[in-house]
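>>> here's a sequence, model it:
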Amino acid sequence: MKNRKSLLIKLSLLLSLWLPVVSCDTLEINDLNKGEEEDFFTTRESAFMAISGAYVLARRAIVTETSWALYSDVRSGLLKLNGPEAEELYNQELHSSQALFRTLKDWGRFYKAITQCNVVIEKIGDIPDFITQEEKNNIIAEAKFIRAFLYFNMARIWGDVPLVTKTSQIDAMSRTSEVNLLDFLITDLTAISAVLPDVYLTESGDEDFSSSITRATKGACYALLAHIHAWNGNYPLSLEAVNNLINLERYELHDLANDLSRVFEGNTIENIFVFSALSNFNSDFEYQDLNSDMFNDQVFFNGKLLSRIDPPTYSEVNALYSSSDARRTKYFSINDGTETVSYRKGNFPLVNSSFFRYSDILLLGAEATMVTNPSASEDFLNQVRNRAGLPDYVELDDGALEEAIFTERRRELYGEGQDFFDLVRFGKVSEKVSTISPADVRDGIIYWPISSEAFDNNALMTQNPFWN
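Next up is the predicted model:
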């Protein structure tokens with residue numbers, strides 16, 4: 001076991017370092033020789049270890065430095081960053097040289113995970129008959145889903161990014177247009193939606209609930225397609241993906257009145273896809289700094305230990321949530337006497353980071369139909385409102401339908417890393433973020449600058465125009 005584990009650690013190092021030039025990481029020489037590599041990809045167990053490593057690296061790419069929140073809810077101002085970087089972030093000085101910004105500009109961690117996915121896609125098919133063809137096809141589909149999930153997030157953060165689909169792509173590469181990148185992802189996801197299962201089963205034939213929300217499924221594939229099409233502004237296809245997910249008849253809204261924590265720990269069928277941080281994939285892969293809770297993490301600044309993320313003020317909570325909204329007291333601990341607020345929603349360490357929930361998809365359905373079929377849009381919207389204890393939407397009370405849907409997404413998905421991207425889709429960035437003007441949006445400020453290391457040894461790399 002010790003020798004096998006040593007080999008797997010070497011393999012994980014190889015997969016994390018086997019990167020194209022587009023990454024900003026420095027490549028190192030490792031001691032895994034070709035014979036060991038070929039010996040590894042020979043068994044059913046090695047196939048599952050390899051895909052497990054892809055999930056681990058993908059989660060690390062998304063949650064490093066709580067970047068999933070910093071790219072979105074913090075940048076939009078919905079969450080309040082504390083510490084020395086706050087002023088520069090809110091002033092949109094994203095080219096800052098502070099350590100946090102260097103991390104956020106660096107797409108290297110995404111390419112580590114993408115490279116692992118590419119290795120899985122290329123190598124799994126060559127494993128002998130120790131694994132069934134159905135299992136091989138499913139693992140390859142999982143790797144393509146993870147890769148698509150990563151690239152979609154990169155597109156929302158940086159826009160055009162190099163599309164690397166093979167481990168042999170080691171030469172300097174230019175950036176692929178966002179349109180072509182998303183078309184590639186849509187093609188991949190459409191194909192694998194026919195391969196991925198609705199649920200995963202245990203050896204005894206019962207549903208393996210944990211695997212069904214932490215591994216790629218049909219539902220997760222449809223959720224990602226719904227988001228990509230909405231980002232593209234192709235609402236008919238987004239609605240089609242939403243309906244495909246609903247027609248699986250697998251997901252439903254959880255009762256907030258009972259146990260809210262179960263939603264954010266991933267233990268309800270409201271969750272469609274979560275990244276697990278538990279060591280239940282395979283003990284041979286290392287997990288580091290994955291149980292952080294951004295609401296309780298602290299930074300040292302000005303001689304004081306401060307929370308990384310401050311809670312909203314009493315007035316901010318009351319402006320977003322009415323007294324009849326169950327989320328007001330389920331998401332926050334509120335002392336009306338002292339008018340103070342602390343988080344409840346964030347008190348659960350990021351054991352399972354939920355990225356697609358059923359409520360999110362219902363609200364995408366509302367968004368997709370608000371122009372062409374307002375009555376259907378209101379039906380989607382009211383399912384989420386009613387679950388929170390709110391009455392049906394009424395324009396006289398709740399304003400225009402578009403604003404009502406956007407606000408409902410803010411209420412429902414508070415702190416889940418969707419807000420800035422919602423602002424972009426709804427065309428509300430300069431309206432809601434005081435430090436961003438309409439001209440800034442036209443000039444491309446919505447995208448982050450690209451790390452200077454990405455230009456090393458790559459004459460084809462270009463900077464996002466706003467940051468030139």
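
>>> residue ranges of the strands in the stretch 351-468 of the chain, please?
352-357 (DSSP state E, counting those that start in this stretch).

>>> what segments of it are helices?
Counting by DSSP state H, counting those that start in this stretch, the segments of the stretch 351-468 of the chain that form helices are 358-369, 374-387, 395-398, 401-412, 419-426, 429-432, 438-443.

>>> can I get these in TSV with mean pLDDT and distance to residue 105?
(Glycine included, C-beta is placed from N, CA and C.) Below are those laid out as TSV (pLDDT from 0 to 100; distance: least, C-beta to C-beta, whole Å):
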stretch	mean pLDDT	distance to residue 105
helix 358-369	97	27
helix 374-387	97	35
helix 395-398	91	39
helix 401-412	97	26
helix 419-426	97	16
helix 429-432	97	19
helix 438-443	97	18
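
>>> and those helices, which is most packed in?
Highest mean neighbour count among the helices of the stretch 351-468 of the chain (mean count of other C-beta atoms under 10 Å): helix 358-369, with a mean of 25.

>>> count of neighbours near residue 335?
Number of residues near residue 335 (other C-beta atoms under 10 Å) recorded here: 10.

>>> excluding covalently adjacent residues, which one is nearest to it?
Among residues not flanking residue 335 along the chain, residue 341 sits closest, at 7.8 Å (C-beta to C-beta, 6 or more residues apart in numbering).

>>> tell me, what's the model's pLDDT at the one you found?
Confidence at residue 341, expressed as pLDDT, is 90.

>>> repeat that for residue 390.
For residue 390, pLDDT reads 96.

>>> for it, what are its contacts?
Going by C-beta atoms under 8 Å, 6 or more residues apart in numbering, residue 390 touches 322, 324, 325.

>>> backbone phi and psi for it, please?
phi -90, psi 150 (degrees, to the nearest 10).

>>> residue 332 too?
Dihedral angles of residue 332 (phi, psi; degrees, to the nearest 10) stand at phi -140, psi 150.

>>> residue 394 too?
phi -130, psi 120.

>>> residue 334 too?
Main-chain dihedrals, residue 334, degrees, to the nearest 10: phi -120, psi 130.

>>> can I get the helices of the stretch 351-468 of the chain in JSON lines with distance to residue 176?
Conversion of those to JSON lines gives the following (distance: least, C-beta to C-beta, whole Å):
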{"stretch": "helix 358-369", "distance to residue 176": "25"}
{"stretch": "helix 374-387", "distance to residue 176": "33"}
{"stretch": "helix 395-398", "distance to residue 176": "41"}
{"stretch": "helix 401-412", "distance to residue 176": "29"}
{"stretch": "helix 419-426", "distance to residue 176": "19"}
{"stretch": "helix 429-432", "distance to residue 176": "24"}
{"stretch": "helix 438-443", "distance to residue 176": "21"}
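
>>> out of those helices, nearest to residue 116?
With C-beta to C-beta as the criterion, residue 116 lies closest to helix 419-426 of these, at 24.9 Å.

>>> pLDDT weak spots in the stretch 251-400 of the chain?
258-267, 276-307, 345-354 (pLDDT under 70).

>>> buried residues in stretch 449-459?
Neighbour-count burial for stretch 449-459 flags 449, 450, 451, 453, 454, 458 (criterion: 16 or more other C-beta atoms under 10 Å).

>>> the fourth one is in contact with residue 108, isn't it?
Yes. Shown here, residue 453 and residue 108 form a contact pair, counting by C-beta atoms under 8 Å, at 7.4 Å.

>>> from the contacts of residue 390, list just the buried residues.
residue 325.

>>> among the contacts of residue 390, which one lies nearest to residue 357?
Nearest to residue 357 among the contacts of residue 390: residue 325, at 17.3 Å, using C-beta to C-beta.

>>> that closest one: what secondary structure?
At residue 325 the chain is in coil, as set by DSSP: H, G, I helix; E, B strand; the rest coil.

>>> ok, which of the helices of the stretch 351-468 of the chain comes nearest residue 271?
So among those, helix 358-369 is nearest, using C-beta to C-beta, at 7.8 Å.

>>> what's in contact with the closest one?
Contacts of helix 358-369 with the rest of the structure, by C-beta under 8 Å, 6+ apart, involve 223, 226-227, 230, 235-236, 238-239, 242-243, 245-246, 251-253, 269-272, 376-378, 380-381, 383-384, 387, 405, 408-409, 412-413, 416, 418, 425.

>>> at 6 Å what do you get?
223, 226, 230, 235, 238-239, 242, 245, 251, 253, 270, 376-377, 380-381, 383-384, 405, 409, 412-413 (C-beta atoms under 6 Å, 6 or more residues apart in numbering).

>>> on that earlier part again, would CSV of the contacts of residue 390 with distance to residue 57 be doable?
CSV is the format used below for these (distance: C-beta to C-beta, whole Å):
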residue, distance to residue 57
322, 42
324, 43
325, 38
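
>>> closest to residue 179 among the contacts of residue 390?
Using C-beta to C-beta, those come closest to residue 179 at residue 325, 38.7 Å.

>>> grab the nearest non-local neighbour of the residue nearest to the spatial centre of the chain.
In the chain, the centroid-proximal residue (C-alpha atoms, centre = their mean) is residue 355; its distance is 5.3 Å. Spatial nearest neighbour of residue 355, chain neighbours left out: residue 273 (5.6 Å); criterion: C-beta to C-beta, 6+ apart.

>>> beta partners for the one you found?
residue 356 (DSSP bridges).

>>> look up how far residue 358 lies from it.
11 Å (C-beta to C-beta, to the nearest Å).

>>> over to residue 199?
On the measure of C-beta to C-beta, residue 199 and residue 358 end up 15 Å apart.

>>> residue 108 now?
33 Å.

>>> what residues does stretch 189-207 touch?
137, 141, 144, 148, 208, 211-212, 216-218, 221, 225, 248.

>>> now render those as CSV, adding neighbour count and pLDDT.
Shown next, in CSV, are the contacts of stretch 189-207 (neighbours: other C-beta atoms under 10 Å; pLDDT from 0 to 100):
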residue, neighbour count, pLDDT
137, 15, 95
141, 24, 98
144, 24, 98
148, 26, 98
208, 15, 90
211, 17, 90
212, 21, 93
216, 28, 97
217, 25, 97
218, 21, 98
221, 29, 98
225, 24, 98
248, 14, 97
